[in-house]
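>>> using only what follows, build the 3D model:
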Amino acid sequence: MSLVLLNEDMKAVVAACRLGFVATVTPEGRPNLSPKGTVRVFDDHHLVFCDIASPGTRANLERNPWMEINVVDPVSRRGYRFLGRAMPHAGDAIYEAVTARVFREEGATYGVEAVVLLAVERALPIVSPGYDHLADENAMRTMWKRRRELLESEFEAHLARRGPWPGGAMEESE
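Reported below is the predicted structural model:
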């Protein structure tokens, strides 16, 4: 197994986003996609995230270690697909280091069942086809910052009508 060297752009996209969509495979061979808000670069060859409420993801990894994490900056409309084998860690040095880092960076604490370490064997770019119609990333970011303002305003109006989400964790569904 040869691991990919994560370059500075990959690291910057992960650091800016922190939200990744993690794909695993169920025992029935079906895809399981779960958002993770604690994705971090662990070192030059690994990504990691906290398993806060993901029993399905954890169970899938126990049966099949293959996992893909997609991280896309919503303003630049680009990011990366990171594929490799993952391993959950609980109560060991990796778990302690990652939870301490995430809690320090977020200024919060919460229950963490495990941390999941992905050994990146393949990293592929994700780039919006919108770049075919724009000059460069600066133009894309300018356009999406304006669009995001409108989308945020529309969602705020929705929340004003419906009321905010009541809080509490949602169960992972499969």
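>>> all the helices of the chain, residue numbers only.
Remark: helices assigned in the chain by DSSP state H are 8-17, 55-63, 93-106, 137-162.
>>> the shortest one: how far from the chain's middle?
Its chain's C-alpha centre and that of helix 55-63 lie 17 Å apart, by C-alpha atoms, centre = their mean, to the nearest Å.
>>> what helices or strands is it leaning on?
strand 20-25, strand 31-36, strand 78-89, strand 114-127 (3 or more C-beta pairs under 8 Å, 6 or more residues apart in numbering; DSSP states H and E). All C-beta atoms are positioned from the backbone trio N, CA, C, and that covers glycine.
>>> wait, which of the ones you listed is closest to Gly163?
strand 31-36 (22.6 Å; C-beta to C-beta).
>>> hang on, the earlier thing: and the helices and strands packed on helix 55-63 as CSV, adding mean neighbour count?
Listed next are the helices and strands packed on helix 55-63 as CSV, based on neighbours: other C-beta atoms under 10 Å:
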stretch, mean neighbour count
strand 20-25, 21
strand 31-36, 16
strand 78-89, 20
strand 114-127, 19
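>>> out of those strands, nearest to Leu150?
Nearest to Leu150, of the helices and strands packed on helix 55-63 and by C-beta to C-beta, is strand 78-89 at 20.9 Å.
>>> export only the CA atoms of the closest one, formatted as CSV.
Extracted C-alpha coordinates of strand 78-89, given in CSV (Å, rounded to 0.1, in the frame of the first residue of the first chain):
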residue,chain,number,x,y,z
ARG,A,78,-13.8,22.6,-5.5
GLY,A,79,-12.2,20.1,-3.2
TYR,A,80,-10.9,16.5,-3.1
ARG,A,81,-12.0,12.9,-2.9
PHE,A,82,-9.7,11.0,-0.4
LEU,A,83,-9.9,7.2,-0.6
GLY,A,84,-8.2,4.5,1.5
ARG,A,85,-8.5,2.2,4.4
ALA,A,86,-9.7,3.5,7.7
MET,A,87,-9.3,2.4,11.3
PRO,A,88,-11.3,3.5,14.3
HIS,A,89,-9.3,4.3,17.4
